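Novice: My questions are about this predicted structure, shown below with the sequence.
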Amino acid sequence: MKIKKALFLIFGLAIILYTITYISGYSLIIDLSSRKHIHKVKCLSDSISPLKKFNFESDDSWEAHLVLDFHDVNLLPKDLPRANYLKTTDISVLKNMGNTWNFKCSYGDMATVTSKLLLTKNGTVVFETGIHITNEIQGLQSEDFGWIQSKAILQDVKKFKRSFMPVIFI
């Protein structure tokens, strides 16, 4: 009888968590991924393509994770889901990001970028940067290359998918 009650309680809790996540769009993000192979990208000329060097056509498992700060979710363009976590494993999207995310180096800084974009290869983070997405401004922020912006970001991020999992492990 105790086992049935425990199972009922666990099942009920799971349903409540999924419902809250579905309605609110907020998941608990737990980042456990290794960062020992992060590629540093610097502005060494007038332009930079931070994702160009990654071979998305390899047999490796590639994923891009967009982890949004609570406040940034409310600033997202209308055609993006109101969720704090978006993800893509679509190789065509990743290849397009590698080919079209070309930026002019500004050598500037955008204060308070709190959301992040993680690129993982076989479960290991290989690229990490701050990201800001609103209707007016889309850009990346890193201590390695500073603030860079491009409208190409939004076109690809629109193809990311929302997760309805209440807890997400990266």
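Specialist: It's in. Computed from a prediction, not measured in an experiment: that's the story for all the values here.

Novice: who's in contact with the longest strand seen in the chain?
Specialist: Looking across the chain with DSSP state E, the single longest strand is strand 124-133. The contact list for strand 124-133 (Cβ atoms under 8 Å, 6 or more residues apart in numbering) reads 33-39, 41, 50-51, 54, 66, 72, 75-77, 80, 110, 113-120, 138-142, 153-154, 157, 170. Glycine gets a C-beta too; all of them are placed from N, C-alpha and C.

Novice: List buried residues within the residues you listed.
Specialist: 33, 41, 50-51, 54, 66, 72, 76, 80, 110, 113, 115-120, 138-142, 153-154, 157, 170 (16 or more other Cβ atoms under 10 Å).

Novice: just checking, which of these belong to helices?
Specialist: The helices, defined by DSSP state H, take in 72, 153, 154, 157 from the buried ones among the contacts of strand 124-133.

Novice: about what we covered before: pLDDT of the longest strand of the chain, averaged?
Specialist: What strand 124-133 shows for mean pLDDT is 94.

Novice: now stretch 94-102
Specialist: Per-residue scores along stretch 94-102 average to 95.

Novice: do stretch 61-80 as well
Specialist: Here the average pLDDT along stretch 61-80 is 93.

Novice: which residues does the nearest residue to residue 47 once chain neighbours are set aside contact?
Specialist: Leaving aside its chain neighbours, residue 47 sits nearest to residue 104 (5.6 Å; criterion: Cβ to Cβ, 6 or more residues apart in numbering). By Cβ under 8 Å, 6+ apart, the residues touching residue 104 are 46, 47, 148.
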